[in-house]
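Peer 1: Have a look at this fold, sequence not included:
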């Protein structure tokens, strides 16, 4: 059985490491803040004192980091994963980064006999805790086969979507869809509320037809209450839309709607809502048309039911 | 039991009238082209020779017409519904029109003692045939109660969403969501295909996560095959986005994404794809980035699986 | 010499009528509020008691009205221009309306032997007062020739751009350019101010290069002072963008940037700035990114000069 | 008098170096392809064999390079400008790069006692040849004073706009305006042409009013002839819009129109028009609405003049 290292034990990496312990793997974890490492130890894992120690104790290393520069530092940096890796190590990067970062990591690793996969995840903190993540894997088939037992301890859907970087591209496509649907749903709610219509029954009809979508199912109740506690933070979604547009640039394609959605998220973050859930887009779209909030106006104006 | 008249026996109105017959209602139908009336007679309904005859024989009249001017002509026109209506008639407009048309019709009808509801439907031809439509009803509660047995013969979801015009506003919100999702999904597919990734497994992961939506479930397989047979025609979706923007203007709200989506649909129609399914947006987004079609390019470029 | 009637003596029509008097024409004016008529009389014109009286006394009638429905009412309505017109009358509509309104008016007029031109103007109140308007004329060449002495009393540029409605189409193109430039200039200023740069010298460089434009020349100083007194009101610009998009629909073309600009103006009006100058777009774009106003922030943050 | 080094003798740097020779400066130039160096020698300059040699012979060094990575390599790289610079050298970067690149270069230079300015230019090849560039300078006032005699040999407008990076931010604002105006003008032309109107007289009216702008003055004639020979290449404009959006991200502001314009330029480049002038946006906007080109259609459809 593989010995698994996990570098990055935050909101996502922490529960993912714990799930690997639960699945019977020997897990060594490292995180810059020691509290996260202690939680892993309490869950039955081992503490790694450094990236080096994690790498030396493991046959498969997962990185679960915030952004491209973190991955580049931790993997390619002076005291990073590749500097300490033995030949045959399998490095699985679960971070959401640019496809170009994944292919660059793969190329550098290949020179040292290290195998790599990009395996970004979707499903949020809940998915990480409950091991119900969707995992989009890019890389070579034999490495996917090797990683599958590890990844299946983390999620319910593990799909090999293509070569190195393909996992990231599919994740980028996922994020442009989710971010765009947040914007469209916000426009629908604003139109409904400002027309003096009670939004709850209206959204229930939308949910039942061709407009139905998971974002509406999971987020619209909170949106109507203006409860924007994350969930998935707007500032991370802004970062992910930047990745989608960078991936589009590399692929030589134009994404007009995503170009606009990215600026709407930039506005959301600029308005100080970067720490709120990505469904807070409703507040931006509402504010764009000024005046009282929909909830207030709705209370005053809705008459007929 | 109500005697039901149906004016407009096209792709939607025809099967809706047949379902009313099946549900045991006495149904009189009228359509400008007699072939549609003959189909209703074959299904067990009665032929109306004119709008006047339908109205005189019915206690509830449904209109199922293409656009606002049609509704204004058939209802308010010289030889129209109101000209022949007895007091107490209930007029249910199932067409998708501007909310302002519905409130104008309601006001004109009230003067003659005629009750009205706006009751646009969602679910397409399939929903009309299978009586699985979603129906968004605007008007007064007692009229909704009265119409409910009729509407429940047509669809599985019948929701009273507000006063006169509210059904149309919710339908407009539905259409902006669906049209926008078509655009976003097209961008996702183009990004995936042009990156050399096999789109089928990629879309299966998207479908399983927060990006999941009914449009993807029902349309993406056809999109990957470039099968754009309608379904719901792009030119009708363009019309509906015009209604959404007009409703937004009346409500005093701005819909930035919808403003862009409407122009993308205008382009789709201008490119001669108005008669194709609204999922043909994929062809527009693909063409925007030029070069070979994704299917061709995908075949050449996809390597890893 | 033609006897000229002017219907609509508002902000534009009032000074235009006065300029016609100054140019030696016999001018009869009508306006719903009598104060405007009195001002024309004071300037040397004659008061018309009704549309009918203006038409009966004139060989050329100018209409200077707010929107399509006004033109339809005044020209085509029961007691309107056509109802009282003698054969050979030349009707010159200086209002900004849909091209379709102009062609409909032309068709109705032709039946009664009345000649028509659409001749919308650009240049604002200043242009109307100083007789420096630009006038875009649609209609037949001989009628343009006949109208030219009248129009040259109103503006410095009189160009025959095409058949009936063509003047309106070119005006629509003018308004989409101006509205879009207002948005782009606002984005440029926000980027500059929020980067802590003193905008006045920066804009002076922009004005000198390929980015240079008349809107910047005339409006940017006021924008930097947040002086949004009209000028040209945002709510009228919103109306004109609606005309541009309707004209695009009729021509079967897609205008993606204009679709977005129209929604930005819808937001501006929804935020209560409809009565402000169209350069108030700066306030919208600034507010989109939240925080203190640029002027305040600029004062605190600008350091180096 | 300063001895001036110029690194990068391409379309812009070549004529700029020649103008410095003409102004009486002793100029040493370096370029990777020797042909450009030979042209400088023919014009009276000296050949530098390497970056090192240019730096050692000069008191002021200008870099005129394509993009951020080039500047980073040439200035910060192993054998770059800073590695060979004596204390007191003034480095003036005339490239168009991210503001963040300029501030990073300034910080690295300061450690070695080297002074820096960012001084991107506007005005294209013509401006470089004729010494009529507009130059936006960021940095400290005393260095601007010192560089002014050099910069005034290159352009007619030299404005100190702020601290390090401010020149780049103003250039980014310039490029978002120019790119956006190219898009808006294209939409105006498409609307006019597809409405069957002769565009030349129509554009002459637009040029005379509030819509008037330098891009229209300089480019519209070529656009109507579909002559898209550069001028300024679309692929460079796409790069510059990327810089504008990156600068916006750093400043924490949202630019909705620029977000869309960038994707329109991405489409233009994806369609194989990256080597054409940025006014080729007309071809994209035209193609968006399909069908025959406007010129052809115009010939067939325009009737009235």
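Peer 2: Sure, I can see it. In this text, all values refer to a predicted model and were calculated from it rather than measured experimentally.

Peer 1: Can you tell me which residues in the stretch 201-305 of chain A are near chain B?
Peer 2: Within the stretch 201-305 of chain A, the positions near chain B by C-beta under 8 Å from any C-beta of the partner chain are A:201-202, A:204-206, A:208-215, A:218, A:244, A:247-248, A:250-258, A:260-261, A:264, A:285, A:288-289, A:291, A:302-305. Any C-beta I mention is one placed from the backbone N, CA and C, and that applies to glycine too.

Peer 1: from those, which are also near chain D?
Peer 2: With the criterion set as C-beta under 8 Å from any C-beta, the members of those near chain D are A:248, A:252-256, A:258, A:260, A:264.

Peer 1: Now rank those residues by neighbours and give me the top one.
Peer 2: In terms of neighbours by other C-beta atoms under 10 Å in any protein chain shown, these top out with residue A:255 at 33 neighbours.

Peer 1: so where's chain A shaky on pLDDT?
Peer 2: Along chain A, the parts satisfying pLDDT under 70 run over A:291-305.

Peer 1: Could you count how many residues lie near the residue lying closest to residue A:156 once chain neighbours are set aside?
Peer 2: Spatial nearest neighbour of residue A:156, excluding adjacent residues (C-beta to C-beta, 6 or more residues apart in numbering or on different chains): residue A:132 at 5.0 Å. Residue A:132 has 16 neighbours, counted by other C-beta under 10 Å.

Peer 1: Test my guess that residue A:132 contacts residue A:123.
Peer 2: Yes: if you go by C-beta atoms under 8 Å, residue A:132 and residue A:123 touch, sitting 5.9 Å apart.

Peer 1: Spell out which residues are contacts of both of those two.
Peer 2: Listed as contacting both residue A:132 and residue A:123 by C-beta atoms under 8 Å, 6 or more residues apart in numbering or on different chains are residue A:155.

Peer 1: Please name the bridge partners of residue A:28.
Peer 2: residue A:5, residue A:46 (DSSP bridges).

Peer 1: can you count the residues close to it?
Peer 2: Neighbours of residue A:28 under the rule other C-beta under 10 Å: 25.

Peer 1: how about the residues of the stretch 1-150 of chain A near chain B?
Peer 2: So far as C-beta under 8 Å from any C-beta goes, the stretch 1-150 of chain A lies against chain B at A:99, A:122-124, A:134-136, A:139-141.

Peer 1: Now residue A:149. Nearest residue, chain neighbours left out?
Peer 2: Nearest residue to residue A:149, sequence neighbours excluded (C-beta to C-beta, 6+ apart): residue A:2, at 7.3 Å.

Peer 1: ok, now how distant is that neighbour from residue A:270?
Peer 2: 44 Å (C-beta to C-beta, to the nearest Å).

Peer 1: Residue A:13 too?
Peer 2: 29 Å.

Peer 1: now the residues of the stretch 201-305 of chain A next to chain B: which count as buried?
Peer 2: A:201-202, A:205-206, A:208-215, A:244, A:247-248, A:250-258, A:260-261, A:264, A:285, A:288-289, A:302, A:304 (16 or more other C-beta atoms under 10 Å in any protein chain shown).

Peer 1: Give the burial count for residue A:241, as a bare number.
Peer 2: 26.

Peer 1: Is chain C within reach of the helix or strand hosting it?
Peer 2: Assigned by DSSP states H and E, residue A:241 falls within helix A:234-251. No: counting by C-beta under 8 Å from any C-beta, no contacts exist between helix A:234-251 and chain C, the nearest distance being 12.6 Å.

Peer 1: quick one: the longest strand along chain A to chain centroid distance?
Peer 2: In chain A, ranked by residue count with DSSP state E as the criterion, the top strand is strand A:155-162. Mean C-alpha position of strand A:155-162 versus that of the full chain (C-alpha atoms, centre = their mean, to the nearest Å) differs by 14 Å.

Peer 1: Kindly check the end-to-end length of stretch A:77-84 for me.
Peer 2: Start to finish, the residues bounding stretch A:77-84 are 11 Å apart (C-alpha to C-alpha, to the nearest Å).

Peer 1: and for it, what are the contacting residues?
Peer 2: A:7, A:50-52, A:55-56, A:61, A:63, A:73-76, A:89, A:91, A:108-109, A:112, A:114.

Peer 1: Quick check: closest non-adjacent residue to residue A:164.
Peer 2: Closest to residue A:164 by C-beta to C-beta, 6+ apart is residue A:106, at 4.1 Å.

Peer 1: Just give me how far the helix or strand hosting that neighbour sits from the chain centre.
Peer 2: According to DSSP H and E, residue A:106 maps onto helix A:99-111. Here helix A:99-111 is found 20 Å from its chain centre; the criterion is C-alpha atoms, centre = their mean.

Peer 1: Point to the residue nearest the middle of chain A.
Peer 2: Most central in chain A under C-alpha atoms, centre = their mean is residue A:122, positioned 5.2 Å from the mean C-alpha point.

Peer 1: quick one: contacts for the closest residue to that residue other than its chain neighbours?
Peer 2: Nearest residue to residue A:122, sequence neighbours excluded (C-beta to C-beta, 6+ apart): residue B:209, at 4.1 Å. Contacts for residue B:209 were tallied using C-beta under 8 Å, 6+ apart; they are A:122-123, A:134, A:157, A:174, A:214.
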